[in-house]
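*Asks:* all I have is the shape, not the residue letters:
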């Protein structure tokens, strides 16, 4: 399956279950292990597990395969390995603590996106 098709399937699957702050990181210049990393947030253990389950379901329905899944028991952080793409679904506190976006984007090959300016009060 083409990486762009897989990316669309994964993002749509996350949006279907109301995943928040979905971010896709192109990692092909950073590691030979996978081409994309998708990070999303779920508000509860149940939602995190549901998001990860929906990703697996939609990928399989499209003819793709799931290599492995880790973290389903706790539901704080579930990793879905799709081979050329890794999907991290986390609760907000876990995502903030590990800050994978900064880890994977703060490199010379792929500069980190500038932070949004805080909203000004009127």
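*Replies:* Good, I have the coordinates. For clarity, every value in this text was computed on a predicted model and none was experimentally measured.

*Asks:* for residue 25, what are its contacts?
*Replies:* 36, 37, 38, 39, 101, 104, 105, 110 (CB atoms under 8 Å, 6 or more residues apart in numbering). Placement of C-beta: from N, CA and C, glycine included.

*Asks:* can we see that at 6 Å?
*Replies:* By CB atoms under 6 Å, 6 or more residues apart in numbering, the residues touching residue 25 are 37, 104.

*Asks:* what helix or strand is it on?
*Replies:* strand 20-26 (DSSP states H and E).

*Asks:* and residue 95, how far from residue 83?
*Replies:* Here residue 95 is placed at a distance of 23 Å from residue 83 (CB to CB, to the nearest Å).

*Asks:* which residues in this protein form helices?
*Replies:* For the chain, helices defined by DSSP state H occupy the ranges 3-16, 45-61, 92-98, 100-105.

*Asks:* residue 90 touches residue 78, doesn't it?
*Replies:* No. Using CB atoms under 6 Å, residue 90 makes no contact with residue 78, being 7.8 Å away.

*Asks:* dump the helices of the chain to a markdown table, plus mean neighbour count.
*Replies:* Output for these, formatted as a markdown table (neighbours: other CB atoms under 10 Å):
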| stretch | mean neighbour count |
| --- | --- |
| helix 3-16 | 17 |
| helix 45-61 | 19 |
| helix 92-98 | 14 |
| helix 100-105 | 15 |
